[in-house]
Each structure stands twice: as C-alpha cells, then as structure tokens.
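Colleague: coords please:
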Amino acid sequence: MAREDPRLVAGIRAADPATLEPIIREYLPQIERAGRGAGLTAHEAEEVAQATFVTFIETAPRFEGRSKVRTWIFG
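Modeller: Numbering: from 1, shown residues only. Just a heads-up that it's a prediction; the model follows:
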C-alpha cells in the first residue's frame, strides 16, 4: 500500500494552510468533474466539492498517510 510523505502527513494533520491549499487546488476540479459526470448540475457539483473539502479539513487530524491523499479525499 502506498504511503504519503511524513512531512505532507504532518502538514495535513496540523491543518496547515500552506499544505492544504495546494491539495484543494489540485483536486477541486477533479471532484467537480466527478460530480458533473454523476449527473449533477455545475452548481450542485460545486457544492459537493465544497462539502468534500470541508469534510477533508475537519477530518485532516485523523489522516495517517496509509493511503494517498487522493484516496482519502475521494473516499
């Protein structure tokens, strides 16, 4: 199983904005596309993406790095 870099994991767990912002920028379009692919309107897909990242930030202290960040977000 893939493990994330310990420095990245520490930044995520600390909810460090300098760590979280690039992750959000990278995966936001992918989540919106997934929502659109699931038949959501653009507005609904945007709301789902926002809710996904709120949850990501709220659960960040529990991220252990045993999976890739993408897996954690899309899970």
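Colleague: any weak-confidence spans in the protein?
Modeller: 1-2 (pLDDT under 70).
Colleague: quick one: the helices in it?
Modeller: Per DSSP state H, the chain carries helices over the ranges 6-13, 17-37, 42-59, 69-74.
Colleague: can you redo these as CSV with mean neighbour count?
Modeller: In short, each C-beta sits where N, CA and C put it, glycine included. Shown next, in CSV, are the helices of the chain (neighbours: other CB atoms under 10 Å):
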stretch, mean neighbour count
helix 6-13, 15
helix 17-37, 14
helix 42-59, 14
helix 69-74, 16
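Colleague: gap between the residue nearest to residue 45 when sequence neighbours are not counted and residue 7?
Modeller: Nearest residue to residue 45, sequence neighbours excluded (CB to CB, 6 or more residues apart in numbering): residue 35, at 3.1 Å. Counting by CB to CB, to the nearest Å, the separation of residue 35 from residue 7 is 31 Å.
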